[in-house]
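Visitor: Model the structure of this input:
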Amino acid sequence: MKVKSWRTILEEMVTDARNESSAITDWNVGTPQRSLLRSVANQLQQLWVRLKRVYRASKILTAMSDDLDDQVIARGLSRYAAAKAGVTLRFYGSEGSNVPVDTRASTKDGISFSTVEGGTIAVGETYIDLSAEADVAGSGGNVGANTITELEGTLSGITSIINPYPATGGTDSETDEELRNRAMTQLATISQGIQKSYQAWAQEANQEVLRAKAERVASSPGTVYVHLVKRSGANFNLTERNEIAEYIRTRAPVSANIVCKNVTYEEIDVSTEIRLESGYSLIDVKQTIVANLTAYLDWRTWNWGQEVQSADLMSVVNNSEGVNDIIVSRFSPVSNVTLDDYSLPKLGSVVVTQTLAANPPEEGLPGSGGAT
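Guide: Numbers count the residues shown, from 1 in each chain. From the prediction side, this is the model:
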């Protein structure tokens, strides 16, 4: 919608007046009749501006700020607020030393964190891990591992502090563009109820269908991809997929073009260097690690499109029986693995090696037997 200027409105009204009547011939600047029409033109131009604002505010694609919030609220959404980063703080000191809740520590750059729980270093231990969160919400709190080293004030018996893992989860407030894109994605996404219908239809067509997820194809209106998961983890052949698609077509909304596709599996390769507990062999421990990773990366139950967190994989390995701790700097994948909305993870190759090196406090993760 293009807003007309008051000059354009004035000239259009002068032209209309001349066409309607020849009684007034002088419409030059300064005449009473032109001055009157100029006042009207100014008011009309302001109305144009207001009308454009109302129009823009009524559309998700053009609304901004509070107007955009109103539009998405009407569709069951709301803007994501900024969130604080969370982190594990490790306090080193003598046994019996107490760390109260709200103990503050920071990076050398001044990004501060406060503990959300208190605790005491247990007998026979040299440190305690406590949960903390950034004092200020936002992505700026996502600091790297081993960067929170400055303790505010002094604590009796505490000698040093560090964060063995990166701080994560800090997010900025959702921008207008991010919120708009999320709202538009929702409009193009098949509702959960209809998703269940597509899965039920696929399972009725072939009992080997474990799961299914439907996807509207934006580039081809009326086309729906149905991503299939076979109970065995294998792929459906073309004939099977076509038979399932034909069955769904008889039950889906009229004119829907159904195309069945095999799910895309994202292989997650894991490499780790570990210290063994006494009495365990590397071969046996590796088998345990593989079994635990396989159970964790269960494509049968994994949420579609859910990100695979590197920290979670480390935790699975570290908590496996026979593992004393792991060498964080030699763990892979280093970063999280992002899946699209129609993919699922599967465990790929697993490489487990053993180290006999000493265990620096800032390098190892505590295992079931404690750090050495």
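Visitor: is it fair to say Ser131 lies in a strand?
Guide: Yes: Ser131: assigned to a strand according to DSSP: H, G, I helix; E, B strand; the rest coil.
Visitor: correct me, but it touches Arg90?
Guide: No: between Ser131 and Arg90 there is no contact under Cβ atoms under 8 Å: 11.2 Å. Glycine gets a C-beta too; all of them are placed from N, C-alpha and C.
Visitor: the more surrounded of these two?
Guide: Arg90 (19 against 13; other Cβ atoms under 10 Å).
Visitor: Report the beta-bridge partners for that one.
Guide: Beta-bridge pairing of Arg90 under DSSP bridges involves Asp129, Ile162.
Visitor: OK, contacts around the most centrally placed residue in the chain?
Guide: For the chain, the residue nearest the mean C-alpha position is Glu307 (8.0 Å; Cα atoms, centre = their mean). Neighbour list for Glu307: Asn336, Val337, Thr338, Leu339 [criterion: Cβ atoms under 8 Å, 6 or more residues apart in numbering].
Visitor: mind putting those in JSON lines, pLDDT included?
Guide: As requested, the contacts of Glu307 are exported to JSON lines (pLDDT from 0 to 100):
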{"residue": "Asn336", "pLDDT": "94"}
{"residue": "Val337", "pLDDT": "94"}
{"residue": "Thr338", "pLDDT": "94"}
{"residue": "Leu339", "pLDDT": "94"}
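Visitor: Can you select the buried ones among those for me in PyMOL?
Guide: Of these, the buried ones can be selected in PyMOL as follows, counting by 16 or more other Cβ atoms under 10 Å:
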select buried, resi 337+339
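Visitor: Tabulate the contacts of Glu307 (JSON lines), appending secondary structure and distance to Glu117.
Guide: Listed next are the contacts of Glu307 as JSON lines, based on DSSP: H, G, I helix; E, B strand; the rest coil; distance: Cβ to Cβ, whole Å:
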{"residue": "Asn336", "secondary structure": "coil", "distance to Glu117": "25"}
{"residue": "Val337", "secondary structure": "strand", "distance to Glu117": "30"}
{"residue": "Thr338", "secondary structure": "coil", "distance to Glu117": "31"}
{"residue": "Leu339", "secondary structure": "coil", "distance to Glu117": "32"}
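Visitor: Redo the contacts of Glu307 as CSV? Include distance to Lys84.
Guide: Listed next are these as CSV, based on distance: Cβ to Cβ, whole Å:
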residue, distance to Lys84
Asn336, 19
Val337, 24
Thr338, 23
Leu339, 26
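Visitor: and Gly233, what helix or strand is that in?
Guide: According to DSSP states H and E, Gly233 maps onto no helix or strand at all.
Visitor: does it really touch Trp299, like I thought?
Guide: Yes: shown here, Gly233 and Trp299 form a contact pair, counting by Cβ under 8 Å, at 6.8 Å.
Visitor: So for these two, which residue has more residues nearby?
Guide: With neighbours defined as other Cβ under 10 Å, Gly233 and Trp299 compare such that Trp299 has more, 18 against 13.
Visitor: Can you classify the residue nearest to Thr294 when sequence neighbours are not counted by secondary structure?
Guide: Excluding the flanking residues, the one nearest Thr294 by Cβ to Cβ, 6 or more residues apart in numbering is Leu347, at 5.0 Å. Here Leu347 is strand, with the state taken from three-state DSSP.
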